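# here is a sequence together with a model predicted from it:
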Amino acid sequence: MSTPDTFGLQLVKYVNVAALAILIYDYFVTLHSEVQWAWGRKWGVVRITFIVSRYVPFAGAFMTLYSALKTWGTQDCMPFNDGTNGIHFLGIVASEGSTASLATTTLT
């Protein structure tokens with residue numbers, strides 16, 4: 001592996017760790033608002049969408065971090081990568097659904 005490739009891989013690892021740190025920081029900064037507005041409410045589509053969009057990114061971030069830090073060698077990592085991509089996609093769809101429901105309730 002050449003030096004630019006090694007540098008690029010190391011940079012990706014650092015960026016993944018930084019992104020996870022930002023996600024954890026954001027979680028704790030907004031936890032009070034989540035407790036106030038989401039916990040103790042009736043379960044419905046909006047609350048489920050919020051919970052999925054709030055907690056699925058943690059699974060995706062940890063899977064991405066694990067994938068970046070793990071040396072796969074000759075193992076086939078495609079199923080793991082497909083799972084990681086699916087988790088990210090689920091988080092994005094839930095986030096978009098949460099935003100759409102917020103916009104709908106705000107406009108009506």
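Looks like it came in fine. Numbering: from 1, shown residues only.

# ok now stretch 86-105, how far from the chain's centre?
A distance of 12 Å separates the C-alpha centroid of stretch 86-105 from that of its chain, computed with Cα atoms, centre = their mean, to the nearest Å.

# buried stuff in that stretch?
Neighbour counts over stretch 86-105 (16 or more other Cβ atoms under 10 Å) mark 87-88, 90-91, 94-95, 97-98, 101 as buried. To be clear about C-beta, it is placed using only N, CA and C from the backbone, and glycine gets the same treatment.

# is it possible to export those to CSV including distance to residue 33 and secondary structure?
Output for the buried residues of stretch 86-105, formatted as CSV (distance: Cβ to Cβ, whole Å; DSSP: H, G, I helix; E, B strand; the rest coil):
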residue, distance to residue 33, secondary structure
87, 24, helix
88, 24, helix
90, 23, helix
91, 19, helix
94, 18, helix
95, 16, helix
97, 19, helix
98, 14, helix
101, 17, helix
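
# which one of those is nearest residue 37?
Nearest to residue 37 among these: residue 98, at 12.2 Å, using Cβ to Cβ.

# re earlier: can you tell me which of the buried residues of stretch 86-105 is nearest residue 6?
Closest to residue 6 out of the buried residues of stretch 86-105 is residue 88 (25.9 Å), distances taken as Cβ to Cβ.
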